[in-house]
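using only what follows, build the 3D model:
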Amino acid sequence: MITDAVLVRIGQAAELHHHRGQPDAARDQLTGLWDEIGGEQGDPLHVCVLAHTMADVQDDVRQELLWDQRALAAADRLTDSGVAEAGVTLPVAGLYPSLHLNLADCYHRLGDPGRAREHLEQARAGIGALGDDEYGKLIKSGLERIAQQLG
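The predicted model follows:
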């Protein structure tokens, strides 16, 4: 169970977007949280999860890409122990397939199939870190979808 208060608040903002259809309200909450955590200088877990979530509420794919890149950069500063202390059950390695999937999708939509394929391959390389649970299945199906789109 997530015990970190900032992660809980990020989850609440994500809920506004994914389950209530309120991306603008989610974006407003996430923007306030971004300032609270100190932006890119904040705790890497907060930066990673917030940026990953903020990418989903962008209307412009270029802005989405920037947020996804921030999330990936922050993930590189994470440790398994730090993630576990926040109540996250997934190891750091389990975050990368989703991060690379999102980047592959952005690059595909921006018309850069080469970069999209690079991130697709990086996502596939890390897929072993995912379980066979609902989250793992979601990421795996996303990888299949983007792979089909790329041909």
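
what are the ranges of the helices in the chain?
Assigned by DSSP state H, the chain shows helices spanning 5-18, 23-37, 44-56, 61-75, 80-85, 96-109, 113-125, 134-150.

take those helices and write them to CSV, including mean pLDDT.
Shown next, in CSV, are these (pLDDT from 0 to 100):
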stretch, mean pLDDT
helix 5-18, 94
helix 23-37, 96
helix 44-56, 97
helix 61-75, 98
helix 80-85, 94
helix 96-109, 98
helix 113-125, 98
helix 134-150, 96
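
okay, those in CSV with mean neighbour count next?
C-beta here means a position set from N, CA and C on the backbone, and glycine is covered the same way. Listed next are those as CSV, based on neighbours: other C-beta atoms under 10 Å:
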stretch, mean neighbour count
helix 5-18, 17
helix 23-37, 17
helix 44-56, 23
helix 61-75, 19
helix 80-85, 14
helix 96-109, 23
helix 113-125, 17
helix 134-150, 14
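
burial check on residue 111, number of neighbours?
8 (other C-beta atoms under 10 Å).

quick one: it from residue 145, how far?
Distance from residue 111 to residue 145, counting by C-beta to C-beta, to the nearest Å: 18 Å.

quick check: the residue nearest in space to the middle of the chain vs residue 135, distance?
When C-alpha atoms, centre = their mean is applied to the chain, the residue found nearest the centroid is residue 52 (3.2 Å). Residue 52 sits 13 Å away from residue 135, going by C-beta to C-beta.

please apply the same query to residue 20.
21 Å.

give me the nearest residue to residue 127, chain neighbours excluded.
Once flanking residues are discounted, residue 127 sits nearest to residue 97: 5.3 Å by C-beta to C-beta, 6 or more residues apart in numbering.
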